[in-house]
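Participant: sequence and predicted model, in that order:
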Amino acid sequence: MKSIIFGANGQDGYYLNELLRSKNVEVIGISRSGNWLVGDVNNPDLVAKIIKSEKPDYIFNFAANSTTRHDVLIENHNTILGGTLNILEAVKNHSPASKVFLSGSGLQFENKGTPIKETDHFEASSAYSMSRIQSVYAARYYRIFGLRTYVGYFFNHESPRRTERHISKMVSEACKRIKKGSKEKITLGDISVQKEWTYAGDSVEAIWTLVNQENELECVIGSGVTYSIEKWLELCFMYYDMDWKDHFSPKEHYKPDYSILVSDPNTINQLGWKPNIDFYNLAEIMMEQV
């Protein structure tokens with residue numbers, strides 16, 4: 001079997017590559033950076049050429065700038081929606097038997113503070129969520145032509161592959177520096193915010209589960225279990241027997257996007273997937289990697 005991963009250099013591309021290779025699936029990685037084929041999913045000629053040439057069994061699209069900031073609206077529109085359309089049109093024309101997986105996000109749903117499932121209403125609350133919503137409608141449209149288009153709506157999932165612009169990595173790395181003598185303070189806003197902390201290596205197992213069945217085409221991918229940012233601080237510093245309160249500075253006048261973001265993963269659970277790494281195991285993994 002053969003697969004193509006667009007956005008292969010990111011966290012999810014890394015773990016999916018590891019998983020696919022363990023299952024003897026050939027991986028062709030496309031990314032704007034890293035040790036992969038250099039390419040941009042927003043280039044329709046490039047996408048069509050690769051898909052026509054390789055005719056893969058699976059195509060996974062992770063390409064995106066993972067931020068809700070308005071100033072990257074055009075970039076995310078081009079990458080998320082434009083890239084999705086390029087892939088789907090190329091599959092329709094050149095490789096209609098390919099299964100296509102598209103990344104969605106828990107942030108594209110209306111958030112009432114209750115567990116979110118894949119059938120809940122969308123809400124374009126940011127430039128990022130708007131592009132994600134548009135890409136899902138593109139996936140649904142191309143099913144008219146017989147394409148197998150799958151969407152996994154990711155909730156917060158973490159790993160040592162994160163960059164420090166993500167809270168999980170920012171806290172764990174700052175903690176390690178402080179242990180070595182750094183006098184820095186961790187500055188964060190509302191640390192009572194509750195979110196999921198699923199391990200990314202588990203999340204890609206959910207992707208594999210989803211694309212290898214025929215009945216469910218869209219699934220929430222998450223643990224359904226939340227912990228506060230404060231609890232993450234506590235765990236990371238506890239690893240070194242330190243008190244996080246001694247190294248924390250609150251960000252004044254900060255308003256979070258949500259107070260809780262939690263999934264209802266019942267559908268993917270019924271397909272046979274559940275995470276193996278819990279919140280506490282994840283903290284150990286993040287702290288152990290130097």
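Facilitator: Now that the structure is in, tell me what you want to look at. Residues are numbered from 1 along each chain as shown.
Participant: in stretch 250-265, what counts as buried?
Facilitator: Neighbour-count burial for stretch 250-265, with 16 or more other C-beta atoms under 10 Å as criterion, is recorded at 260-265. Any C-beta I mention is one placed from the backbone N, CA and C, and that applies to glycine too.
Participant: tell me how far residue 212 lies from residue 205.
Facilitator: 11 Å (C-beta to C-beta, to the nearest Å).
Participant: those two: who's more crowded?
Facilitator: residue 205 (20 against 12; other C-beta atoms under 10 Å).
Participant: the more buried one sits in which helix or strand?
Facilitator: helix 200-211 (DSSP states H and E).
Participant: which outside residues touch that helix?
Facilitator: 11-12, 15-16, 18-20, 23, 58, 60, 99, 101, 150, 152, 154, 157-159, 161, 216, 219, 221, 268, 271-273, 275-277 (C-beta atoms under 8 Å, 6 or more residues apart in numbering).
Participant: let's go with 6 Å and repeat that
Facilitator: Here helix 200-211 makes contact (C-beta atoms under 6 Å, 6 or more residues apart in numbering) with 11, 15-16, 19, 99, 101, 150, 152, 157, 159, 219, 221, 268, 271-273, 275-277.
Participant: of the residues you listed, buried ones?
Facilitator: If you count burial by 16+ other C-beta under 10 Å, the buried members of the contacts of helix 200-211 come out as 11, 15-16, 19, 99, 101, 150, 152, 157, 159, 219, 221, 268, 271, 273, 275, 277.
Participant: of those residues, which belong to helices?
Facilitator: Using DSSP state H, 11, 15-16, 19, 268 are the members of the buried ones among the contacts of helix 200-211 that sit in helices.
Participant: in JSON lines: those residues, plus pLDDT.
Facilitator: Listed next are those as JSON lines, based on pLDDT from 0 to 100:
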{"residue": "11", "pLDDT": "95"}
{"residue": "15", "pLDDT": "98"}
{"residue": "16", "pLDDT": "98"}
{"residue": "19", "pLDDT": "98"}
{"residue": "268", "pLDDT": "98"}
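Participant: all strands of the chain, in order?
Facilitator: Ranges of strands in the chain, per DSSP state E, are 2-6, 26-31, 37-38, 58-61, 99-105, 148-154, 157-158, 186-188, 194-196, 198-199, 218-221, 226-228, 248-250, 260-261.
Participant: looking at these, which is closest to residue 284?
Facilitator: With distances scored as C-beta to C-beta, the stretch of the strands of the chain nearest to residue 284 is strand 198-199 (10.9 Å).
Participant: what is the mean pLDDT for the closest one?
Facilitator: Confidence for strand 198-199, expressed as mean pLDDT, is 98.
Participant: where in the stretch 51-200 of the chain is pLDDT low?
Facilitator: 65-69, 72-73 (pLDDT under 70).
Participant: can you list the buried residues in stretch 224-242?
Facilitator: Quick answer for stretch 224-242 (16+ other C-beta under 10 Å): 224, 226-237, 239.
Participant: burial measure for the spatially closest residue to residue 230 that is not a sequence neighbour, as a count.
Facilitator: Nearest residue to residue 230, sequence neighbours excluded (C-beta to C-beta, 6 or more residues apart in numbering): residue 191, at 4.2 Å. Neighbour count for residue 191, taken as other C-beta under 10 Å: 21.
Participant: residue 191 contacts residue 229, correct?
Facilitator: Yes - applying C-beta atoms under 6 Å, one finds residue 191 in contact with residue 229, separated by 4.2 Å.
Participant: still on that earlier bit, let me know the closest of the buried residues of stretch 224-242 to residue 118.
Facilitator: residue 224 (12.8 Å).
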